[in-house]
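J.: how would this look folded up:
(chains A and B)
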There are 2 protein chains.
Amino acid sequence: MTSISTHPFDSATGLTALGDGRYAGHTEAGYANMVGPFGGITAATLLSAALHDPRRLADPVALTVNFAGPVADGAFEIDAQPVRTNNATQHWIITMTQNGEVTTTATAVFGRRRDAWGSTEVTPPAVPSAADVPVTRAPGFPAWLNNYEMRFVEGGGDFLDPDAGERPDSTTTLWVRDNPVRPLDYSALAALSDVFFPRVMLRLGRMVPAGTVSLTTYFHADAELLAETTESILGTARAQHFGNGFFDQTASLWTAAGDLLATSHQVVYYKA
Amino acid sequence: MTSISTHPFDSATGLTALGDGRYAGHTEAGYANMVGPFGGITAATLLSAALHDPRRLADPVALTVNFAGPVADGAFEIDAQPVRTNNATQHWIITMTQNGEVTTTATAVFGRRRDAWGSTEVTPPAVPSAADVPVTRAPGFPAWLNNYEMRFVEGGGDFLDPDAGERPDSTTTLWVRDNPVRPLDYSALAALSDVFFPRVMLRLGRMVPAGTVSLTTYFHADAELLAETTESILGTARAQHFGNGFFDQTASLWTAAGDLLATSHQVVYYKA
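T.: Okay, the predicted model is just below:
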């Protein structure tokens, strides 16, 4: 007999509908970060609640996730409500709670895509193809890294090396995909937009306390482009400013063919 | 007798506390856009509700505003609730309604700034000083433009010229400040982060239907830097991608001395 296996990503983002926009879920050990779950999987889970809701209109355009407090290992509840539905767009407020306390909030915008004039003004970094970049072996901790196949072109994982030293620039560029391979959809793209470890660690060359406070992703890909994207995607991220205990990060995610899948921004708390 | 005058910005963002985090306000004709109020003034008003709330902790770090539906001229109500308060950060959900219908949602993060290692990786564009750039005369319509003194360095207001033609690049760079002059604070900075007209019009060289769907601003300035900023500030914005009826914009706002005040991102609906 062959058992039907569930991909770890689908297990981690899986929810049970409780009615009236409420959903029950639980954290997955395989997506654990230093403390609590990987922020990307939390973002994907919040988006999934709206994506699976029968009231949902069209596909995601924008997602903002605010990491309000730590998520403890175990059960959580999500409340996902469409607060305004127009002809072309729909706006959601989504809240994750544990034992009645808010851990995470989100707003999501869904929108009907239509044929329109288009242009991409930015270009992906010039890089070797994914096949020509070696896979970086996941360090085993934090656990979530094992769920991604990463091939670093620039700004790799050597912050784990105590002798890495400071860098003048916070850019990381990598080829990345789910491990094991899984079709790319909006939830997976939401998680991938948070796949870059904290830029402050890359700059300082050492581990420091850091955690995303707010994450915003704009989805440029339509469903057709997502379906066509079966290989590793190219991600690049950098900080613009560090100061007073907060820094920002701006990122973009590309197909191997050079199509822009998403742009993503976040602000991160740090101590250094 | 000398009458005590209220700055138009303070009049437009002024709210009456109704208790329990609810506030009453009304649109101001002086900040009208093509349809409804200038998005920046709506963002500033939502932030002001939390800023003036006695439960508020520390200064703004991040603000996301979702323009869910049109705001009609007249009265509105704002509900602003801190959903999670930690030692160093506080998370708010803010909702604007008219006649019980949601027009706008927002999330805001406030955070205690502290001495920390810092670095700014990006640089402001090389520009002449504000005094050496002529003020562009506001066209009179839309009305909100009259509340800002704008000195365009690049990508100016000539989209109003029917012969402007297409451009290969969507960058606008300008010196800007409130008109009349007003001290810079977080609310004013929130509004200024939306001061760039829709990039699709700049690219196409003509007016097309467009409206911001979601706007996120990260505040890098602390209160001291804001208080020191008494001259025009430098803003620069560009789109990264236009397609399927949505484009994104990424912007940064700088002091004349080269300090980064804020970075801001938005996704905009358009028809073209």
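J.: Poorly predicted segments of the stretch 51-200 of chain A, please.
T.: Applying pLDDT under 70 to the stretch 51-200 of chain A flags residues A:157, A:159-160, A:162.
J.: can you map out the strands along it?
T.: A:59-67, A:75-85, A:89-98, A:101-111, A:119-120, A:148-154, A:172-178 (DSSP state E, counting those that start in this stretch).
J.: Highest average neighbour count across these: which stretch is it?
T.: strand A:59-67 (a mean of 27; mean count of other C-beta atoms under 10 Å in any protein chain shown). Just so you know, the C-beta spots here come from the backbone N, C-alpha and C atoms, and that holds for glycine as well.
J.: C-alpha coordinates for that strand, PDB please?
T.: Extracted as PDB, the C-alpha positions of strand A:59-67 are listed here (Å, rounded to 0.1, in the frame of the first residue of the first chain):
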ATOM      1  CA  ASP A  59      -6.500  36.200  -5.500                       C
ATOM      2  CA  PRO A  60      -4.100  38.000  -3.000                       C
ATOM      3  CA  VAL A  61      -2.700  41.400  -3.900                       C
ATOM      4  CA  ALA A  62      -1.200  42.500  -0.600                       C
ATOM      5  CA  LEU A  63      -0.600  40.900   2.800                       C
ATOM      6  CA  THR A  64       0.600  42.700   6.000                       C
ATOM      7  CA  VAL A  65       1.400  40.500   9.000                       C
ATOM      8  CA  ASN A  66       2.100  42.100  12.400                       C
ATOM      9  CA  PHE A  67       4.000  39.800  14.800                       C
END
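J.: What strands line up against that strand, and which way round?
T.: strand A:101-111 (antiparallel), strand A:210-219 (antiparallel) (DSSP bridges).
J.: Show me what counts as buried in the following helix or strand past the shortest one.
T.: Downstream of strand A:210-219, the first helix or strand assigned by DSSP states H and E is helix A:223-228. Applying a neighbour-count criterion of 16 or more other C-beta atoms under 10 Å in any protein chain shown, the buried positions in helix A:223-228 are A:225-226.
J.: which one of the strands paired with strand A:59-67 lies closest to A:Leu261?
T.: For the strands paired with strand A:59-67, proximity to A:Leu261 was assessed by C-beta to C-beta; strand A:210-219 is nearest, at 7.7 Å.
J.: Compare the strands of the stretch 51-200 of chain A and report which one is nearest to B:Asp248.
T.: Taking the strands of the stretch 51-200 of chain A one by one with C-beta to C-beta, strand A:59-67 is closest: 9.0 Å.
J.: what angle do the closest one and strand A:89-98 make?
T.: Relative orientation of strand A:59-67 versus strand A:89-98 (axes from the mean of the first three to the mean of the last three C-alpha atoms, to 10 degrees): 30 degrees.
J.: what is the orientation angle of strand A:59-67 with strand B:75-85?
T.: 50 degrees.
J.: and the residue nearest to A:Ala116 when sequence neighbours are not counted, what is it in contact with?
T.: Excluding the flanking residues, the one nearest A:Ala116 by C-beta to C-beta, 6 or more residues apart in numbering or on different chains is B:Gly245, at 4.5 Å. By C-beta atoms under 8 Å, 6 or more residues apart in numbering or on different chains, B:Gly245 lies in contact with A:88, A:111-114, A:116, B:269-271.
J.: Quick one: buried ones out of those?
T.: Buried among these (16+ other C-beta under 10 Å): A:88, A:111-113, A:116, B:269-270.
J.: Out of those residues, which two sit at the greatest distance?
T.: Counting by C-beta to C-beta, the most remote pair of those is A:Arg112 and B:Tyr270, 13.0 Å apart.
J.: which residues sit in contact with A:Arg55?
T.: Per C-beta under 8 Å, 6+ apart, neighbours of A:Arg55: A:21, A:82, A:85.
J.: tell me which of those residues is nearest to A:Asp10?
T.: For the contacts of A:Arg55, the nearest to A:Asp10 is A:Gly21 (20.8 Å; C-beta to C-beta).
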